[in-house]
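1. coordinates for the following, if possible.
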Amino acid sequence: MRGTMLWFNEEKDHGYISTETGERLYVAGAGFADGHRPRGRCAGSPVEFQVTAYEGAREAGGCVTVEEVAPPRARRRHASRSLR
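-> Numbering: from 1, shown residues only. I've put the predicted structure just below:
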């Protein structure tokens, strides 16, 4: 499943993810795959994850931050005006 990070607090070691359907899921620091725990400002970062159940509540697990490649920018064309 895909979503975006809403926030992650490194000191408290938890945060929240917004799914594509708008659901807010809790994510613990242990819910991130090795080497993919967010550092610094991560709000809006795309993530992939699985939804798991812990004590009856849904939360995110197996989270991996996804680096999306930005589409190429359109080339700007110069308006050629001929002055006659």
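
2. okay, now residue 67: neighbour count?
-> The number of residues packed near residue 67 is 6, by other C-beta atoms under 10 Å. All C-beta atoms are positioned from the backbone trio N, CA, C, and that covers glycine.

3. and what about it, helix, strand or coil?
-> Classification of residue 67 by DSSP: H, G, I helix; E, B strand; the rest coil places it in coil.

4. output the below-cut-off pLDDT ranges for this structure.
-> 68-70, 78-84 (pLDDT under 70).

5. now the strands for it?
-> Taking DSSP state E as the criterion, the chain carries its strands at 2-9, 14-19, 24-28, 46-54, 57-65.

6. redo the ones you listed as CSV? Include distance to residue 72 and mean neighbour count.
-> What follows is those, written out as CSV (distance: least, C-beta to C-beta, whole Å; neighbours: other C-beta atoms under 10 Å):
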stretch, distance to residue 72, mean neighbour count
strand 2-9, 22, 17
strand 14-19, 28, 19
strand 24-28, 32, 18
strand 46-54, 19, 15
strand 57-65, 23, 17
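
7. nearest to residue 35, out of these?
-> Closest of the strands of the chain to residue 35 is strand 57-65, at 9.1 Å (criterion: C-beta to C-beta).

8. on contacts alone, who are the packing partners of that closest one?
-> Packing partners of strand 57-65 (3 or more C-beta pairs under 8 Å, 6 or more residues apart in numbering; DSSP states H and E): strand 24-28, strand 46-54.

9. distance from it to the middle of the chain?
-> 11 Å (C-alpha atoms, centre = their mean, to the nearest Å).
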